[in-house]
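S.K.: Predicted model and sequence follow; I will ask about them next.
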Amino acid sequence: MSGPQIKMLSAGAPKTAVAKCADAFADNSGVRVACEFATAPVIREIVGSGACDAHVVVAPVAIVAEFAKAGQVVGGSGPVLGSVKAAVTIRNGANEPDISSAENLKQALLAADSIVYNVASSGQYIHSMIEKMGIAGEVADRVVRTKTGSAVMEHLDRSGLANEIGFGQATAIQVQIDKGLDVKLLGTLPAEVEKISTYGSALLAGAADNREARDLLDFMASDEGRAICNSTGLI
């Protein structure tokens, strides 16, 4: 496919939705879309540096709002794509802890041989949750932090521990399961400590006049685009 190309920088949790929208838009329009995925803190750093060469960014809505306030993106230029829930994952065959309540999850963490979560925004929430449970000191020597959400599942896939608990976004966990990693989505966090992250999109300020990039965002806001996002688990 030749002709114009759009660059999109996106957080990892809505990765499948973003990639499928990009493919569908390219099929419909003939405009290529190159997608790059990074953690929310890295996206904040790239866009904040002023050196981002993407046309479109997809990130948590609070971060998109920060970019708009700083004049780094065009405010209101893109749709909210949907939300994902934080969830618990384990290796297939490992012990399945009871996560039906915050107290049961707390006891499972205290009993775990290893607790795995990332250093990105979703992992920062888990770290805060553990601190609020009052058990951070007790489990500190059993915590494993990874750079990305996918690395959590890769760690569990390689691990031989039978009592290990991992955390990630539900959509990201499912992506790794679909790729063949030997992990399972045990369930989302219990209601008392539920974490829902909502993702929005916007034009980078330097792409304000890019017609193709605006068309991509219009497609993502369309019925077809929303149906694609919903089909990948965004709520």
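M.R.: Nice, I can see it.

S.K.: need the helices for the protein, in chain order.
M.R.: Per DSSP state H, the chain carries helices over the ranges 15-29, 40-48, 61-69, 102-111, 121-133, 136-139, 149-158, 170-178, 211-221, 223-231.

S.K.: want to throw those into JSON lines with distance to residue 82 and mean neighbour count?
M.R.: From N, CA and C alone the C-beta is placed, and that goes for glycine too. Below are these laid out as JSON lines (distance: least, C-beta to C-beta, whole Å; neighbours: other C-beta atoms under 10 Å):
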{"stretch": "helix 15-29", "distance to residue 82": "7", "mean neighbour count": "19"}
{"stretch": "helix 40-48", "distance to residue 82": "16", "mean neighbour count": "18"}
{"stretch": "helix 61-69", "distance to residue 82": "11", "mean neighbour count": "18"}
{"stretch": "helix 102-111", "distance to residue 82": "25", "mean neighbour count": "16"}
{"stretch": "helix 121-133", "distance to residue 82": "15", "mean neighbour count": "19"}
{"stretch": "helix 136-139", "distance to residue 82": "31", "mean neighbour count": "13"}
{"stretch": "helix 149-158", "distance to residue 82": "17", "mean neighbour count": "21"}
{"stretch": "helix 170-178", "distance to residue 82": "9", "mean neighbour count": "21"}
{"stretch": "helix 211-221", "distance to residue 82": "10", "mean neighbour count": "19"}
{"stretch": "helix 223-231", "distance to residue 82": "5", "mean neighbour count": "16"}
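
S.K.: With mean pLDDT and distance to residue 198 added, can I get those in CSV?
M.R.: What follows is these, written out as CSV (pLDDT from 0 to 100; distance: least, C-beta to C-beta, whole Å):
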stretch, mean pLDDT, distance to residue 198
helix 15-29, 95, 13
helix 40-48, 92, 12
helix 61-69, 96, 5
helix 102-111, 98, 22
helix 121-133, 95, 12
helix 136-139, 97, 27
helix 149-158, 95, 16
helix 170-178, 92, 12
helix 211-221, 97, 14
helix 223-231, 96, 12
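
S.K.: I'd like those helices as JSON lines, with distance to residue 7 appended.
M.R.: Written out in JSON lines, the entries for the helices of the chain read as follows (distance: least, C-beta to C-beta, whole Å):
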{"stretch": "helix 15-29", "distance to residue 7": "10"}
{"stretch": "helix 40-48", "distance to residue 7": "12"}
{"stretch": "helix 61-69", "distance to residue 7": "16"}
{"stretch": "helix 102-111", "distance to residue 7": "40"}
{"stretch": "helix 121-133", "distance to residue 7": "22"}
{"stretch": "helix 136-139", "distance to residue 7": "40"}
{"stretch": "helix 149-158", "distance to residue 7": "21"}
{"stretch": "helix 170-178", "distance to residue 7": "21"}
{"stretch": "helix 211-221", "distance to residue 7": "9"}
{"stretch": "helix 223-231", "distance to residue 7": "18"}
